[in-house]
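Asks: model the structure of this input:
(one chain, ligands or ions: 1)
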Amino acid sequence: MCGITGYIGYREAYPIIINGLKRLEYRGYDSAGVMLYDDGDVHLAKTKGKVSSLEEKVEQEIPNTGFVGVGHTRWATHGVPNDVNSHPHISKSGNLVIVHNGIIENYDSIKQELKSRGYTFHSDTDTEVLVNLIEEMKSQEGVKLGQAVQMALNQVIGAYAIAVFDKTKPNELVVARLGSPIAIGVGKDHEEFFIASDASPFIEFTKDAIYLEDEEMAIVKIGREVRVRKIKDDSLIDPNIQKLQLNLEQIEKGGYDHFMLKEIHEQPRAITDTFRGRLLVNEAIIKLSGLENNMKRFLNAERIIVVACGTSWHAGLVGEYIFEEFARIPVEVEYASEFRYRNPVISDKDIVIAISQSGETADTLAAIKLARSKGAFVFGICNVVGSSIARENDTGAYTHAGPEIGVASTKAFTTQITVLTLMALRLARAKGTMTSEDYRVHLRQLELIPDKVTEVLKTDEHVRNIASIYKDASNCLYLGRGFNFPVALEGALKLKEISYIHAEGYPAAEMKHGPIALIDKDMPVIVIATSKGHYEKVVSNIQEIKSRNGQIIAVVTEGDVTVKEIADHVIEIPETEEALSPLLTTIPLQLLSYYIAVMRGCNVDQPRNLAKSVTVE
Ligand code: F6R
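Replies: Numbers count the residues shown, from 1 in each chain. Here you go, the predicted model:
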């Protein structure tokens with residue numbers, strides 16, 4: 001999962017490419033590189049580190065002129081992040097240049113074959129092998145660049161999004177996709193083209209975009225319509241030019257210090273957008289077309305299996321509690337990476353709900369393919385419109401959270417829970433597993449959630465003060481019960497991924513079966529103790545921690561008295577139905593990890609070793 005940009009046209013390519021890489025840095029940021037072509041020469045700058053380091057390098061080492069170029073920001077798979085392994089990679093002759101997102105699994109055997117034909121390699125990457133394979137194909141009599149790319153891709157196993165430049169054909173670029181996304185921005189009268197892993201690098205230049213499908217390649221040539229072909233059989237395809245809905249404001253920080261903080265604060269709006277047209281409280285109706293059109297299947301389902309990874313998996317766990325409580329359908333929640341490799345028992349009576357913010361997570365995608373091959377019906381919950389997972393499902397619902405750029409997922413989580421809640425309520429109504437009064441209460445309470453999230457966000461200053469007390473902790477424990485057990489897991493994940501403090505989430509009662517041994521005066525324990533959620537039991541757990549000198553930070557319901565007396569700090573949230581409370585209790589935990597990470601000097605939006613979407617296994 002890397003970021004690719006490219007430009008060919010009449011403008012200076014460098015500013016477009018470098019700004020594009022900054023917008024794509026969420027996809028990977030351990031090294032970066034750029035190729036610019038000007039006046040017959042290829043200029044290459046590559047460096048370990050972030051795009052800002054690349055900018056310095058370009059300034060010092062190469063002319064930044066020219067109307068064509070490609071850029072790359074990397075999340076290493078083959079070969080450690082260093083200057084040599086960074087992209088772009090160049091072929092033996094120096095004519096071909098490539099940027100690549102993905103993995104070529106059979107690169108080693110191809111490499112040995114190419115070595116026997118006199119090719120030498122400088123990097124440890126699979127990408128350098130691919131560019132030389134293309135060169136080898138192109139060396140055959142009468143083979144043009146596009147054909148050479150096609151012939152090479154027909155030999156590789158793996159996943160890729162690539163952009164290839166040929167110094168001998170400087171007014172065209174060849175792009176291709178299998179498993180990793182790539183978009184082509186089409187300029188006016190085909191006088192310029194933009195290439196990127198998503199549309200964000202070019203939205204200020206054009207709203208017309210072609211998203212290549214898997215196993216498609218395109219030749220973009222100045223002054224000509226884009227030609228799209230199937231890689232396997234060379235058949236021509238009519239390019240589907242889409243109008244982008246994205247605007248610049250959505251992908252900028254909007255006055256916040258970090259995308260993560262902006263996205264935390266966007267949650268009232270994001271949840272409202274998830275409701276839009278779906279939650280009609282006065283009519284007591286929930287409308288989700290993907291669910292409505294397949295109601296019979298849902299009503300006959302013997303089981304729901306949720307597949308997802310990371311934060312999306314946590315949202316799935318909340319979904320398990322909600323579906324079982326409201327709609328009385330048994331739910332299993334599976335890590336997509338485990339599910340796909342363990343020969344799961346699935347049948348056409350099962351419904352699989354796949355959850356993914358990016359819609360590109362390789363394991364979730366593979367889990368969907370497996371489930372469908374066994375006859376299950378797959379409902380996808382995605383944020384990124386048109387993403388691979390969104391296309392691979394039988395049906396689904398978008399979260400409409402807007403672009404999430406901070407690597408740590410925040411608004412994606414709450415909007416995923418929102419969709420799951422809408423689904424569970426709609427099914428409860430259809431199955432008659434909830435009284436109509438209860439149903440109406442939940443609809444009314446759900447509608448109030450965005451305002452209540454706004455209330456919780458007002459604890460920002462208070463949470464920041466708590467963060468300043470615990471910022472140097474080495475370990476943290478997060479406890480919750482019932483609907484809020486997954487929130488404890490999510491709180492711990494947020495803290496560890498952005499502040500590098502070791503944190504664990506546990507069901508509160510499970511603490512005494514092991515984790516209690518860790519508790520001493522240096523152990524902050526974050527406990528979710530909402531008034532309707534097994535309150536007395538959680539209070540007992542808090543007392544057990546206090547009697548071992550642990551430090552308690554409790555998330556409680558407004559007006560709480562008991563926990564306030566025992567805990568070291570409390571953060572109040574407005575009252576709501578317990579099943580809806582994860583939408584509120586999550587917010588202070590997001591803020592806590594954010595402020596702790598900032599105070600520790602961590603790069604909140606780009607935590608070490610992580611990338612926004614995990615398109616490799
Ligand atoms: C954590 C985080 C990751 C993702 C996971 C799945 O903050 O962002 O754990 O939730 O990689 O990603 P998606 O939802 O894009 O499939």
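Asks: now Lys374: closest residue in space that isn't a chain neighbour?
Replies: Leaving out its chain neighbours, the residue that sits closest to Lys374 by Cβ to Cβ, 6 or more residues apart in numbering is Ile346, at 4.3 Å. C-betas here are computed from N, CA, C, even on glycine.
Asks: could you look up the SS state of that neighbour?
Replies: coil (DSSP: H, G, I helix; E, B strand; the rest coil).
Asks: mind listing what it touches?
Replies: Contact analysis of Ile346 by Cβ atoms under 8 Å, 6 or more residues apart in numbering lists Ile305, Val352, Leu370, Ala371, Lys374, Gly375, Ala376.
Asks: tell me the secondary structure for Lys532?
Replies: Lys532 - assigned by three-state DSSP - is coil.
Asks: roughly how far does it sit from the ligand?
Replies: 27 Å (Cβ to the nearest ligand atom, to the nearest Å).
Asks: out of the contacts of Ile346, name the ones that lie in helices.
Replies: Of the contacts of Ile346, the ones assigned to helices by DSSP state H are Leu370, Ala371.
Asks: can you flag the buried ones in the contacts of Ile346?
Replies: Listed as buried from the contacts of Ile346 are Ile305, Val352, Leu370, Ala371, Ala376; burial here means 16 or more other Cβ atoms under 10 Å.
Asks: closest to Glu61 among the residues you listed?
Replies: Nearest to Glu61 among the buried ones among the contacts of Ile346: Leu370, at 47.2 Å, using Cβ to Cβ.
Asks: got the contact list for the closest one?
Replies: Phe339, Arg340, Pro344, Ile346.
Asks: any low-confidence regions in the chain?
Replies: 615-617 (pLDDT under 70).
Asks: show me what contacts the residue of the chain found nearest the ligand?
Replies: Residue nearest to the ligand within the chain (Cβ to the nearest ligand atom): Gly310, separated by 1.9 Å. Gly310 sits next to Ser409, Leu493 when contact means Cβ under 8 Å, 6+ apart.
Asks: can you report phi and psi for it?
Replies: The phi/psi pair for Gly310 (degrees, to the nearest 10) reads phi 60, psi -130.
Asks: quick one: it from Gln416, how far?
Replies: 11 Å (Cβ to Cβ, to the nearest Å).
Asks: do the same with Ser337
Replies: 18 Å.
Asks: neighbour count winner among these two?
Replies: Legend: neighbour count by other Cβ atoms under 10 Å for Ser337 and Gln416, higher for Gln416 (29 against 19).
Asks: so the more buried one lies in a helix, does it not?
Replies: Yes - using three-state DSSP, the assignment for Gln416 is a helix.
Asks: tell me which element Glu56 falls in.
Replies: In the assignment (DSSP states H and E), Glu56 maps to helix 51-61.
Asks: on contacts alone, who are the packing partners of that helix?
Replies: Here helix 51-61 touches helix 13-24, strand 31-38, strand 41-48, going by 3 or more Cβ pairs under 8 Å, 6 or more residues apart in numbering; DSSP states H and E.
Asks: now do the longest one against strand 31-38, angle only.
Replies: Translated: helix 13-24. On the basis of axes from the mean of the first three to the mean of the last three Cα atoms, to 10 degrees, helix 13-24 is oriented at 160 degrees to strand 31-38.
Asks: what residues of helix 13-24 count as buried?
Replies: In helix 13-24, counting by 16+ other Cβ under 10 Å, buried: Ala13, Tyr14, Ile16, Ile17, Ile18, Asn19, Gly20, Leu21, Lys22, Arg23, Leu24.
Asks: so which of those are also by the ligand?
Replies: Near the ligand, taking Cβ under 6 Å from any ligand atom as the test, no member of the buried residues of helix 13-24 is found.
Asks: per-domain residue ranges of the protein.
Replies: 3-249, 253-456, 458-604 (automatic domain parsing).
Asks: just to revisit the earlier point, tell me what the helix or strand following the helix holding Glu56 is packed against?
Replies: Remark: after helix 51-61, the chain's next helix or strand is strand 68-74, criterion DSSP H and E. Applying 3+ Cβ pairs under 8 Å, 6+ apart, we find strand 68-74 packed against strand 3-8, helix 13-24, strand 31-38, strand 96-104, strand 158-166.
Asks: would you turn these into CSV with distance to Ile329?
Replies: What follows is the helices and strands packed on strand 68-74, written out as CSV (distance: least, Cβ to Cβ, whole Å):
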stretch, distance to Ile329
strand 3-8, 40
helix 13-24, 39
strand 31-38, 46
strand 96-104, 37
strand 158-166, 34
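Asks: comparing those, which comes out most buried?
Replies: Comparing those by mean neighbour count (mean count of other Cβ atoms under 10 Å), strand 3-8 comes out on top with a mean of 30.
Asks: give me the sheet partners of that strand and which way each runs.
Replies: strand 68-74 (antiparallel), strand 193-196 (antiparallel) (DSSP bridges).
Asks: looking at the ones you listed, which is closest to Tyr506?
Replies: strand 68-74 (36.1 Å).
Asks: and the contacts of the following helix or strand past that closest one?
Replies: Sequence-wise, the next helix or strand downstream of strand 68-74 (DSSP H and E) is strand 89-90. Defining contact as Cβ under 8 Å, 6+ apart, one finds that strand 89-90 is touched by 35, 42, 44, 96-100, 123, 125, 127-128, 130-131.
Asks: centre of the chain to strand 89-90, how far?
Replies: Remark: strand 89-90 is offset 28 Å from the chain centroid, using Cα atoms, centre = their mean, to the nearest Å.
Asks: for it, which strands pair with it and how are they oriented?
Replies: Here strand 89-90 is paired, per DSSP bridges, with strand 96-104 (antiparallel).
Asks: so how far is the strand it pairs with off the chain centroid?
Replies: Put simply, strand 96-104 sits 21 Å off its chain's centre (Cα atoms, centre = their mean).
Asks: cool, stretch 501-516 as well?
Replies: The answer for stretch 501-516 is 27 Å, by Cα atoms, centre = their mean.
Asks: quick one: secondary structure of Ile381?
Replies: Secondary structure state of Ile381, per three-state DSSP, is strand.
Asks: which residue is the nearest non-sequential neighbour of it?
Replies: Ile381 sits nearest to Ile355 (Cβ to Cβ, 6+ apart), 4.6 Å away.
Asks: make TSV from the helices and strands packed on helix 51-61 and add distance to Glu392 to it.
Replies: Shown next, in TSV, are the helices and strands packed on helix 51-61 (distance: least, Cβ to Cβ, whole Å):
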stretch	distance to Glu392
helix 13-24	23
strand 31-38	30
strand 41-48	34
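Asks: figure out which of the ones you listed is closest to Ser388.
Replies: Among those, helix 13-24 sits nearest to Ser388 (Cβ to Cβ), with 16.8 Å.
Asks: can you give the contact residues for that closest one?
Replies: Residues outside helix 13-24 that contact it (Cβ under 8 Å, 6+ apart): 3-7, 32, 34, 36, 51, 54-55, 58, 64-73, 194, 196-198, 200-202, 205, 251.
Asks: hey, where'd the helices end up in the stretch 251-400 of the chain?
Replies: 259-265, 267-275, 289-292, 295-300, 310-327, 336-339, 362-373, 388-392 (DSSP state H, counting those that start in this stretch).
Asks: beta-bridge partners for Ala159, please?
Replies: Note on Ala159: beta-bridge partners Ile103, judged by DSSP bridges.
Asks: make that Ile286, sorry
Replies: Leu279.
Asks: which of the contacts of Ile346 lies closest to Glu437?
Replies: Ile305 (31.2 Å).
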